[in-house]
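>>> Sequence and predicted structure, then a few things I'm wondering about:
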Amino acid sequence: MGDLGDYLAVAIAGGACGLVNSIAGGGSLILFPALLWVGLPSLDANVTNSVATWPGYLGGVGGFRTEVHHQRHRLPRLLTATIAGSLTGCVLLLLTPSGAFDTIVPFLVLAAAALTALQPVIQRRLADRHDDGRPPGPTAIAGIFLATIYGGYFGAALGVIVLAVLGLTIHETLKQLNATKAVISLVDCTVSVIVFGLFGPVHWDYVAVAAPLTLIGGYLGARVARRVNETALRTSIVTLGIAVAIVLFIQNT
């Protein structure tokens, strides 16, 4: 159990996580370090972060209701791959010794920071896409399976990977691809919630504090997105991720 200051820090980080995810992505690079800062082991912080961010993904899908309806012919195959991939990632995480995860996690944080930095490049490349109406092929399904293994294992910046896979394998508009990405991210996170809730070291007191704030932050982020400098915000998140990775590297030496 944490003290009042710990819960306040996690609450603020949860709100910021939802806000940043709604505007620029990479919000887990705020909440995950906060959970480490209040004293959780890295494995515990990772699974607690995965569970706490679920409401934000639910809100994201709600924002794409119309687009999701138009993508219903593509979703069954992609979501089957998502469930299989996320389950694989979750099981791999739970089988990873805590000491080994401590060694791996700085690299995962760096990867998440790099992916967050690359998100605008991916979005620009997809800006002029149009729908060809075709269902996802084997390459798209395999790509989503591999992406959601990462999502089940760590999850930060998963949306960037999913969007890149969809953009490379499905000819569709960016808005529709973002809707598909939102559903895949929600299903991936839902699998994590179930698996980690049953078998993982989730700190439910921190989830209870952070989860509602991620939802509120996501809603507020959608409301203020046009008034926020997305580039400056993304740069700050990437810088924070790099700083956290450096601290973790130092702690492991």
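Here it is on my side, so go on.
>>> use CA for all of it now, contacts and neighbours both
Will do.
>>> Next up, the contacts around the closest residue to A84 other than its chain neighbours.
Leaving aside its sequence neighbours, A84 sits nearest to F145 (Cα to Cα, 6 or more residues apart in numbering; 6.7 Å). Contact analysis of F145 by Cα atoms under 8 Å, 6 or more residues apart in numbering lists 81-82, 84-86.
>>> Try it again at 10 Å.
F145 makes contact with 78-89, 139, 151, 162 under the criterion Cα atoms under 10 Å, 6 or more residues apart in numbering.
>>> and stretch 144-162, how far from the chain's centre?
7 Å (Cα atoms, centre = their mean, to the nearest Å).
>>> how long is it end to end?
7 Å (Cα to Cα, to the nearest Å).
>>> returning to that earlier point: and the residue nearest to A84, which helix or strand is it part of?
Using DSSP states H and E, F145 sits in helix 138-153.
>>> One more: H171?
Using DSSP H and E, H171 falls within no helix or strand.
>>> same question, the one 4 residues further on
Element membership of K175 [criterion: DSSP H and E] is helix 174-199.
>>> For the residue lying closest to V61 once chain neighbours are set aside, report the pLDDT, please.
Spatially, and ignoring its direct neighbours in sequence, V61 is nearest to A182 (5.5 Å; Cα to Cα, 6+ apart). We have a pLDDT of 86 for A182.
>>> In contact with A182, which residues?
Applying Cα under 10 Å, 6+ apart to A182 gives the contacts 57-64, 68, 159, 162-163, 176, 188.
>>> wait, doesn't L174 sit right on P120?
No: assessed by Cα atoms under 10 Å, L174 is found out of contact with P120, at 11.9 Å.
>>> Quick check: neighbours shared by these two?
With Cα under 10 Å, 6+ apart, L174 and P120 have common neighbours L126.
>>> More neighbours: those two, which one.
L174 (22 against 16; other Cα atoms under 10 Å).
>>> For the more buried one, give its distance to G152.
From L174 to G152 the distance is 24 Å (Cα to Cα).
>>> H203: how many residues sit nearby?
Going by other Cα under 10 Å, the residues that sit close to H203 add up to 19.
>>> For it, which non-adjacent residue is closest in space?
Nearest residue to H203, sequence neighbours excluded (Cα to Cα, 6+ apart): T48, at 5.9 Å.
>>> I am finished for the moment; much appreciated.
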